[in-house]
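Novice: Need a 3D model of the sequence below.
(one chain, ligands or ions: 1)
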Amino acid sequence: MTADFDRNDSLGPTRIIQVREPGIGLEGILVIDNVAAGPAIGGLRMSPDVNTRECVRLARAMTLKNALAGLSHGGAKSVLIGDPKMPAADKEQLIRAFACALRDNHDYIFGPDMGTNEACMAWVQDEVGRAVGLPSELGGIPLDQIGATGWGLCHAIEVALPDCKLSMNGVRVAIQGFGAVGSHVAHYLAKRGARVIAVSDSRSTLSDSAGLDIERLRSLKASGHPVSDYGSGRVQDPSAIIDIECDIWIPAARPDILDESNVDRLHTRLVAQGANIPITRAAETRLHARGIINLPDIIANAGGVICAAMEYRHLGQSVAFRAIEDRIRSNTRAVLDEAHRNQVTPRQAAESLGEARIRKAMSLKRWSLF
Ligand code: NAD
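Specialist: Residues are numbered from 1 along each chain as shown. Down below sits the predicted model:
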């Protein structure tokens with residue numbers, strides 16, 4: 001492992017579990033990073049190309065994110081190697097089997113992530129009774145349907161805009177990924193007067209400097225069409241989204257999409273990380289050197305997990321939305337102020353705030369991790 005979390009440091013991981021059952025094609029990994037604050041909440045990701053290294057990094061991001069959001073939950077992540085679009089019966093069998101194999105890890109609460117949804121969480125709940133992001137019929141708050149993460153991201157952006165000498169009205173936005181996070185942040189920003197000039201999905205980039213009709217795009221995507229079917233604007237390859245000149249650039253797709261080789265192609269004032277670990281550490285440092293404000297994932301995209309933690313406590317959607325707004329707004333302000341005060345990147349400021357909270361929680365436990 002060479003990337004950001006490539007070591008067992010004094011925070012974690014506390015446990016890495018590999019699950020294999022070749023008879024049914026089951027191969028998965030659970031990383032429980034740190035549980036000092038309480039049982040870990042972290043998504044179950046299903047994808048053909050996930051691995052232990054990605055899982056370790058994502059689990060650490062959850063530890064920091066949950067601590068920063070003031071949740072009584074530690075951080076973890078699980079990954080299942082496979083095509084999430086496989087036949088539903090096969091997917092259900094794999095997810096049920098994976099959940100059963102992890103039944104005894106009582107300090108891990110499953111949540112949805114890329115390639116899994118509310119139905120998958122219902123199967124997990126049925127097997128082991130420990131999942132969030134459940135269908136509303138099981139007491140869940142449908143966090144992707146209501147756009148919990150996009151809502152939080154929109155508030156993080158609103159707080160950061162004055163630091164970039166920008167205001168919401170007419171501000172130009174480009175979004176990589178038009179799924180649950182990307183389409184909802186587009187919706188909330190457009191409602192506040194922003195102009196979304198480009199979006200992308202795994203097939204193409206769609207742009208129009210006059211602004212895209214977000215509600216039209218959302219219904220197009222909801223009916224299964226790619227963004228290229230929009231009918232007007234310019235259509236280019238997916239990576240063209242990086243070159244779009246804009247004021248706010250939002251990664252809302254995959255990890256590590258910006259590194260030192262392509263980060264200088266960005267022409268923007270503010271980056272707001274909707275995706276988890278979308279930008280390598282070196283590329284983030286480069287953004288900072290260029291004076292581009294970069295809101296890290298562990299602050300900006302915490303809306304989903306805050307919503308999940310509210311659901312776990314049987315609280316409703318309106319309480320969850322208020323909690324997301326309050327916590328993300330105050331954390332964004334605190335991190336930007338700290339970064340400014342100490343002349344560090346917002347990532348460094350966020351991590352040191354998060355780590356301080358985790359170490360305090362660890363100091364209150366009878367045991368120590370290592
Ligand atoms: P999603 O599957 O709903 O959407 C992902 C989108 O990215 C799709 O539109 C897909 O076409 C697009 N995409 C995939 N590869 C791409 C590429 N190479 N270029 C451009 N677009 C590409 O997923 P989501 O729930 O919106 O999650 C997106 C990211 O946000 C993930 O990194 C996820 O871990 C992170 N995240 C999600 C939540 C949440 O609440 N859903 C919370 C925190 C973080």
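
Novice: going forward, measure contacts and count neighbours with C-alpha atoms only.
Specialist: Will do.

Novice: which residues touch the residue lying closest to residue 14 once chain neighbours are set aside?
Specialist: Using Cα to Cα, 6 or more residues apart in numbering and skipping the chain neighbours, the partner closest in space to residue 14 is residue 33 (5.2 Å). Residues near residue 33 by Cα atoms under 8 Å, 6 or more residues apart in numbering: 11, 12, 13, 14, 15, 56, 59, 60, 63, 74, 75, 76.

Novice: how about the helix or strand harbouring residue 33 as PDB, C-alpha atoms only?
Specialist: Per DSSP states H and E: residue 33 is located in strand 26-34. Output in PDB follows, covering the C-alpha atoms of strand 26-34 (Å, rounded to 0.1, in the frame of the first residue of the first chain):
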ATOM      1  CA  LEU A  26     -18.200 -14.500  -2.700                       C
ATOM      2  CA  GLU A  27     -15.200 -12.400  -2.100                       C
ATOM      3  CA  GLY A  28     -15.300  -9.400   0.300                       C
ATOM      4  CA  ILE A  29     -13.400  -7.400   2.800                       C
ATOM      5  CA  LEU A  30     -14.400  -5.600   6.000                       C
ATOM      6  CA  VAL A  31     -12.100  -3.000   7.600                       C
ATOM      7  CA  ILE A  32     -13.000  -1.800  11.000                       C
ATOM      8  CA  ASP A  33     -10.800   1.200  11.500                       C
ATOM      9  CA  ASN A  34     -11.600   2.700  14.900                       C
END
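
Novice: who does that strand pair up with?
Specialist: strand 15-21 (antiparallel), strand 75-81 (antiparallel) (DSSP bridges).

Novice: May I have the first one as PDB, with CA atoms only?
Specialist: Output for strand 15-21, consisting of C-alpha atoms alone and laid out as PDB, is shown next (Å, rounded to 0.1, in the frame of the first residue of the first chain):
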ATOM      1  CA  ARG A  15      -9.600  -5.300  12.300                       C
ATOM      2  CA  ILE A  16      -9.300  -6.400   8.600                       C
ATOM      3  CA  ILE A  17     -11.400  -9.400   7.700                       C
ATOM      4  CA  GLN A  18     -11.300 -11.100   4.300                       C
ATOM      5  CA  VAL A  19     -14.300 -13.300   3.400                       C
ATOM      6  CA  ARG A  20     -14.100 -15.900   0.600                       C
ATOM      7  CA  GLU A  21     -16.600 -18.500  -0.400                       C
END
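
Novice: Please point out which parts of that strand sit buried.
Specialist: Residues residue 16 are the ones in strand 15-21 that count as buried (16 or more other Cα atoms under 10 Å).

Novice: That strand: how far from the chain's middle?
Specialist: Distance of strand 15-21 from the chain centroid (Cα atoms, centre = their mean, to the nearest Å) equals 23 Å.

Novice: Next: the last one.
Specialist: Shown here is strand 75-81, whose average C-alpha point lies 13 Å from the average C-alpha point of the whole chain (Cα atoms, centre = their mean).

Novice: before we move on, what about stretch 195-205?
Specialist: Taking Cα atoms, centre = their mean, one finds stretch 195-205 lying 18 Å from the centre of the chain it belongs to.

Novice: With stretch 73-83 instead?
Specialist: Distance of stretch 73-83 from the chain centroid (Cα atoms, centre = their mean) equals 13 Å.

Novice: what about that stretch, near the ligand?
Specialist: No. Counting by Cα under 6 Å from any ligand atom, the ligand is not contacted by stretch 73-83; separation bottoms out at 10.4 Å.

Novice: what about that stretch, average pLDDT?
Specialist: The average pLDDT for stretch 73-83 rounds to 98.

Novice: Next, the buried residues of it.
Specialist: For stretch 73-83, using 16+ other Cα under 10 Å, the buried residues are 73, 74, 75, 76, 77, 78, 79, 80, 81, 82.

Novice: With respect to the ligand, which of those is nearest?
Specialist: Nearest to the ligand among those: residue 77, at 10.4 Å, using Cα to the nearest ligand atom.

Novice: Who does that closest one form a beta bridge with?
Specialist: Following DSSP bridges, residue 77 is listed with bridge partners residue 31.

Novice: What of residue 42?
Specialist: Beta-bridge pairing of residue 42 under DSSP bridges involves residue 110.

Novice: Could you pull up the residues touching it?
Specialist: 59, 62, 75, 76, 77, 78, 108, 109, 110, 111, 112, 305.

Novice: Now do it against residue 145, distance only.
Specialist: The gap separating residue 42 from residue 145 is 18 Å, by Cα to Cα, to the nearest Å.

Novice: and if you look at residue 63?
Specialist: Distance check for residue 63 against residue 145: by Cα to Cα, it reads 25 Å.

Novice: if you count what's nearby, which of these two comes out ahead?
Specialist: Using other Cα atoms under 10 Å as the criterion, residue 63 and residue 145 rank with residue 63 on top: 32 against 11.

Novice: Identify the residues contacting that one.
Specialist: 33, 34, 40, 73, 74, 75, 76.

Novice: ok, now with 7 Å
Specialist: Residues near residue 63 by Cα atoms under 7 Å, 6 or more residues apart in numbering: 33, 34, 74, 75, 76.

Novice: Residue ranges of each domain in the protein, please.
Specialist: Recorded structural domains for the chain (assignment: automatic domain parsing) are 15-67+75-135, 148-303+331-348.

Novice: do the last one and the ligand meet at all?
Specialist: Yes. For domain 148-303+331-348 and the ligand, the contact criterion (Cα under 6 Å from any ligand atom) is met by 149, 176-182, 200-202, 238, 252-255, 274-276, 301.

Novice: List buried residues within the residues you listed.
Specialist: Neighbour counting with 16+ other Cα under 10 Å marks 149, 176-182, 200-201, 238, 252-254, 274-276, 301 as buried within the residues of domain 148-303+331-348 next to the ligand.

Novice: Among these, which are located in helices?
Specialist: By the criterion of DSSP state H, membership of these in helices covers 149, 180, 181, 182.
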